[in-house]
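Visitor: whatever this is, show me its structure:
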Amino acid sequence: MNVKEGMAAGVPYVVLPPDNPAEDTPLVAAWHLMDSPRSEAALAAALPLSGVDAWRVYFGLPLFGARLPSGGFDALRELAAEDYVLRLLEPVVGQAAAEFPLALAAVRAQLGLGEGPLGLVGGSAGGAVVLRVLAEQDLPVTAAAVINPVVRVEPVVDSAEKVFGFTYEWTEPAEAAAARLDVIARAEEIARRHPGLALLLLGGELDDPEFREPLAELHSVLPGSLGRRARHTVIPDMGHSFAEEPGVEPAPQNEDALRVDEAVTEWFQRHLAGEREAA
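Guide: Numbers count the residues shown, from 1 in each chain. Predicted coordinates:
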């Protein structure tokens, strides 16, 4: 792959260029998982979207990749143990969403891109970034896809309590952060900002219930034209991640990555590149 690296408004990224770029070539912005693939380079290898005639720009999440804190993944586990919502999930998702408009403008300036159609894609925490951008920002997003996204925080915390044997202290700041991350409650906001959006909700059949069930519920509550232009697709026999561990460096696509890549490629071919051709 012809992978290029860069830094846009302080955000690290890698980009896969289209074969024949033009002024109106679409751009797809992507965010990786906290699980595998857990870096921008690893996501570009797992989800290259080579069948989509677009610039594919893979942004690194805060606290991951080039911005991994001293202490590495052990430090991240310590942050999660201190306060999963306020020390890890909300800082990662909230900052990634907040920094996106400036990073997008910087990427376009660096690469000399026009204002072609915009698509978004993300997995797990990266999927939460996509949904947060859609709920809070008026960027003209034509199509988006999320893979096993965090849709509601409380079920994720409940599951972690059972697995690791702790009790999470729900403070007022944590409850406020969870409300910002509750996409089911914010479905009306997304529909109001992006009524013409084509939204793919992609889930793994074997993903944990705290991800799988809220995703299905989100599809059922999407209102109006957004609901009619949304699709909920379940990939058989796939769990939460779609790359082999440790998922930091680029690696060949496994079977799950191939199927995710195929589904997202088809979605963007129809609703992103297709919109450009129709125009």
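Visitor: spit out the contact partners of Asp158.
Guide: Residues near Asp158 by Cβ atoms under 8 Å, 6 or more residues apart in numbering: Glu210. Heads up, the C-betas are built off the backbone N, CA and C, glycines and all.
Visitor: show me where pLDDT drops low in this protein?
Guide: Across the chain, residues meeting the criterion (pLDDT under 70) sit at 1, 163-164, 274-279.
Visitor: that one: strands as residue ranges?
Guide: For the chain, the strands defined by DSSP state E cover 4-8, 11-16, 27-31, 55-59, 118-123, 141-147, 198-204, 230-235.
Visitor: okay, these in CSV with distance to Ala185 and mean neighbour count next?
Guide: Compiled in CSV, the strands of the chain are given as follows (distance: least, Cβ to Cβ, whole Å; neighbours: other Cβ atoms under 10 Å):
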stretch, distance to Ala185, mean neighbour count
strand 4-8, 31, 15
strand 11-16, 28, 23
strand 27-31, 21, 26
strand 55-59, 26, 26
strand 118-123, 19, 28
strand 141-147, 16, 28
strand 198-204, 16, 24
strand 230-235, 17, 16
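Visitor: format those as TSV; extra columns: distance to Ala174.
Guide: What follows is the strands of the chain, written out as TSV (distance: least, Cβ to Cβ, whole Å):
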stretch	distance to Ala174
strand 4-8	31
strand 11-16	26
strand 27-31	23
strand 55-59	26
strand 118-123	23
strand 141-147	23
strand 198-204	26
strand 230-235	29
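Visitor: return the residues in contact with the closest residue to Glu217 other than its chain neighbours.
Guide: Distance criterion Cβ to Cβ, 6 or more residues apart in numbering; nearest residue to Glu217, sequence neighbours excluded, is Ile184 at 5.8 Å. Taking Cβ under 8 Å, 6+ apart, we find Ile184 in contact with 151-152, 214, 217-218, 221.
Visitor: quickly list what Ala145 is bridged to.
Guide: Beta bridges link Ala145 to Val121, Leu200, judged by DSSP bridges.
Visitor: and it, how close does it get to Glu266?
Guide: Ala145 sits 10 Å away from Glu266, going by Cβ to Cβ, to the nearest Å.
Visitor: re earlier: filter the contacts of Ile184 down to the buried ones, ChimeraX style.
Guide: Applying 16 or more other Cβ atoms under 10 Å to the contacts of Ile184, the buried members can be selected in ChimeraX as follows:
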select :151,152,214,218
